[in-house]
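>>> just coords:
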């Protein structure tokens with residue numbers, strides 16, 4: 001694998017003889033599926049993810065934000081068309097005949113006036129201000145579309161992470177129970193030996209303290225398990241009293257052995273955060289054009305046409321029509337520097353967006369590199385943890401047997417117990433880390449959002465950067 005480290009990385013990890021210890025192969029250029037969580041081959045995980053995608057409120061919220069952005073874009077397109085307004089007014093009037101001639105043709109000082117009018121206002125986009133405004137709105141809609149895809153990826157990743165945390169916590173609880181059993185057996189042996197004078201009371205007391213110390217680690221793990229279950233229920237769109245039927249253990253999870261690794265050139269197209277930052281940069285560029293156009297002359301055309309009559313029946317009669325055509329151009333001559341500073345602010349916003357885009361790209365590559373290094377290190381750590389746990393278990397078993405016949409003292413037993421306790425917990429954590437970093441790799445590569453069914457139907461290809469027409473999600 002090249003492009004993610006100064007030196008090419010290995011394409012296969014080491015293996016270990018335990019669950020989650022298979023060698024993983026990194027396949028350069030392989031596409032990332034949207035349903036990547038199915039690679040763990042856990043039916044409960046498949047069920048929970050699919051239910052969360054249906055019920056979690058963040059998805060509907062993201063879709064609503066996208067629809068809002070789409071409507072804003074459509075509203076911007078309206079500026080290319082003239083605004084047409086119709087009006088009808090009716091008035092009753094009396095002429096001041098002492099100083100004015102009657103306004104009506106009949107000479108009656110009392111008269112009514114009915115007027116219908118059709119007005120059209122149009123501002124030609126001579127200097128591109130409207131076009132750049134719409135361009136900015138379209139970029140913001142595209143940015144929201146990628147943020148919506150990021151919402152999908154984040155939700156799936158959070159669900160998978162919560163499931164893995166539950167599995168890890170259950171495994172640590174089981175390991176702690178095993179250690180407690182060993183400590184209790186050791187305590188029973190010491191108490192029996194104390195009865196016959198082969199062990200001192202201080203040894204039994206020390207073993208009781210060691211047992212209590214291990215038992216003390218159990219409540220925090222049980223609290224973590226319950227809080228993780230709360231998180232899973234929330235991700236699935238449930239209230240705390242609505243339990244999720246799915247439960248997870250490390251034994252029910254399969255470690256994916258073939259892992260896709262996208263080409264470095266594809267990362268900027270696949271990461272929704274990078275694509276969103278790109279559209280933010282696009283919007284900022286368009287806003288500079290809007291600010292420049294605001295400094296140039298503003299041209300308007302305003303025609304009016306209508307009828308006026310003393311009666312409704314006579315409004316279409318001869319001599320009742322009128323019209324006018326008004327053309328105008330205005331140029332700001334002095335505004336205290338408002339437009340100039342707005343343009344400069346837009347230019348600085350463009351610089352800011354460019355730096356944010358560059359930073360997002362760097363972070364994206366860093367995420368991929370971090371997970372690749374983590375997976376290679378995880379495999380080595382798991383292999384070492386398996387060997388350490390096996391050695392510690394053999395040592396503890398032999399020490400217990402020797403203690404029963406009085407060949408070792410209590411300090412040797414305590415040391416063996418502590419070594420086994422550490423090795424057992426380290427093994428569980430090493431297994432969980434390998435599963436977790438595997439999920440992180442799929443997320444770092446973009447989560448396969450371009451293969452999501454709705455996106456594929458719109459034709460938005462994360463690989464080639466095609467943009468589909470704006471549509472509702």
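Ah, there it is. What you see is a predicted model; the values in this text were computed from it and never measured.

>>> can I see the domain layout of the protein?
For the chain, automatic domain parsing gives the domain ranges 25-81+128-295+342-458, 83-121+297-330.

>>> Turn the ones you listed into TSV, columns for mean neighbour count.
Quick note: C-beta positions are derived from backbone N, CA and C, even for glycine. Formatted as TSV, the domains of the chain follow (neighbours: other Cβ atoms under 10 Å):
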stretch	mean neighbour count
domain 25-81+128-295+342-458	18
domain 83-121+297-330	13
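
>>> of these, which approaches residue 16 most closely?
domain 25-81+128-295+342-458 (4.2 Å; Cβ to Cβ).

>>> how about the domains of the chain in TSV, adding distance to residue 5?
What follows is the domains of the chain, written out as TSV (distance: least, Cβ to Cβ, whole Å):
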stretch	distance to residue 5
domain 25-81+128-295+342-458	6
domain 83-121+297-330	55
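
>>> just so I know, which of the ones you listed lies nearest residue 13?
Taking the domains of the chain one by one with Cβ to Cβ, domain 25-81+128-295+342-458 is closest: 3.5 Å.

>>> ends of that closest one, how far apart?
End-to-end span of domain 25-81+128-295+342-458 (Cα to Cα, to the nearest Å): 33 Å.

>>> now it: how far from the chain's centre is it?
13 Å (Cα atoms, centre = their mean, to the nearest Å).

>>> for this protein, what spans make up the helices?
All helices of the chain, identified by DSSP state H, fall at 43-55, 57-77, 129-195, 201-216, 218-235, 264-270, 272-294, 338-404, 410-444, 453-458.

>>> Measure how the fifth one sits relative to helix 410-444, angle-wise.
If I follow you right, that is helix 218-235. Put simply, helix 218-235 runs at 10 degrees to helix 410-444, going by axes from the mean of the first three to the mean of the last three Cα atoms, to 10 degrees.

>>> Contacts for helix 218-235 next, please.
Helix 218-235 has contacts (Cβ atoms under 8 Å, 6 or more residues apart in numbering) with 48, 52, 56, 155, 158-159, 162-163, 165-166, 169-170, 172-173, 176-177, 180, 239-240, 242-244, 246.

>>> so it versus helix 57-77, what angle?
Orientation of helix 218-235 against helix 57-77 (the same axes, to 10 degrees) gives an angle of 40 degrees.

>>> For helix 218-235, give the mean pLDDT please.
The pLDDT scores in helix 218-235 average 96.

>>> And for stretch 434-445?
Here the average pLDDT along stretch 434-445 is 97.

>>> what about residue 255, distance to residue 388?
The gap separating residue 255 from residue 388 is 20 Å, by Cβ to Cβ, to the nearest Å.

>>> do the same with residue 120
Applying Cβ to Cβ to residue 120 and residue 388 gives a distance of 83 Å.

>>> again with residue 9
26 Å.

>>> and what of residue 382?
Distance, residue 382 to residue 388, using Cβ to Cβ: 10 Å.

>>> what sits in contact with each of these two?
What both residue 382 and residue 388 touch, as defined by Cβ under 8 Å, 6+ apart, is the set residue 427.

>>> Where does pLDDT dip in the chain?
Residue ranges of the chain with pLDDT under 70: 1, 105, 406, 459-473.

>>> Mind doing that once more with 80?
Low-confidence segments of the chain (pLDDT under 80): 1-2, 97-100, 102-107, 193, 196-199, 314, 403-411, 413, 456-473.

>>> So which residue of it lies furthest out from the middle?
residue 98 (78.3 Å; Cα atoms, centre = their mean).

>>> and residue 315, which of the helices of the chain is closest to it?
Judging those by Cβ to Cβ, what sits closest to residue 315 is helix 57-77, at 35.0 Å.

>>> what helices or strands is the closest one leaning on?
The contact analysis (3 or more Cβ pairs under 8 Å, 6 or more residues apart in numbering; DSSP states H and E) places helix 57-77 against helix 129-195.

>>> The closest residue to residue 317 other than its chain neighbours and residue 315: what is the separation?
Excluding the flanking residues, the one nearest residue 317 by Cβ to Cβ, 6 or more residues apart in numbering is residue 309, at 6.7 Å. For residue 309, the distance to residue 315 equals 4 Å [Cβ to Cβ].

>>> Give me the common contacts of these two.
Residues touching both residue 309 and residue 315 by Cβ under 8 Å, 6+ apart: residue 114.

>>> circling back: reformat the helices of the chain as JSON lines; add distance to residue 86.
Output for the helices of the chain, formatted as JSON lines (distance: least, Cβ to Cβ, whole Å):
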{"stretch": "helix 43-55", "distance to residue 86": "48"}
{"stretch": "helix 57-77", "distance to residue 86": "21"}
{"stretch": "helix 129-195", "distance to residue 86": "24"}
{"stretch": "helix 201-216", "distance to residue 86": "81"}
{"stretch": "helix 218-235", "distance to residue 86": "53"}
{"stretch": "helix 264-270", "distance to residue 86": "49"}
{"stretch": "helix 272-294", "distance to residue 86": "30"}
{"stretch": "helix 338-404", "distance to residue 86": "34"}
{"stretch": "helix 410-444", "distance to residue 86": "56"}
{"stretch": "helix 453-458", "distance to residue 86": "39"}
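
>>> Out of those, which gets nearest to residue 18?
Nearest to residue 18, of all these, is helix 338-404, at 5.0 Å by Cβ to Cβ.

>>> Tell me the helices and strands packed up against that closest one.
For helix 338-404, the packing partners by 3+ Cβ pairs under 8 Å, 6+ apart are helix 129-195, strand 258-261, helix 264-270, helix 272-294, helix 410-444.

>>> and if we set it to 6 Å?
With contacts taken as 3 or more Cβ pairs under 6 Å, 6 or more residues apart in numbering; DSSP states H and E, helix 338-404 sits against helix 272-294, helix 410-444.

>>> Including distance to residue 327, could those go into TSV?
TSV is the format used below for the helices and strands packed on helix 338-404 (distance: least, Cβ to Cβ, whole Å):
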stretch	distance to residue 327
helix 272-294	19
helix 410-444	58
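
>>> do you know which of those lies nearest residue 458?
helix 272-294 (14.2 Å).

>>> Residues in contact with the closest one: which ones?
Under the criterion Cβ atoms under 6 Å, 6 or more residues apart in numbering, residues 127-129, 132-133, 135-136, 139-140, 142-143, 146-147, 149-150, 268, 339, 342-343, 346-347, 349-350, 353-354, 356-357, 360-361, 364, 449 lie in contact with helix 272-294.

>>> what do you get for stretch 111-131?
By Cβ under 6 Å, 6+ apart, stretch 111-131 touches 79, 82-93, 104, 290, 293, 296, 299-310, 312, 315.

>>> mind listing which of the residues you listed are in strands?
83-93, 299-309 (DSSP state E).

>>> Now do the same contact list for the residue nearest to residue 431 when sequence neighbours are not counted.
Spatial nearest neighbour of residue 431, excluding adjacent residues (Cβ to Cβ, 6+ apart): residue 20 at 4.5 Å. The contact partners of residue 20, taken as Cβ under 6 Å, 6+ apart, are 255, 431, 434.
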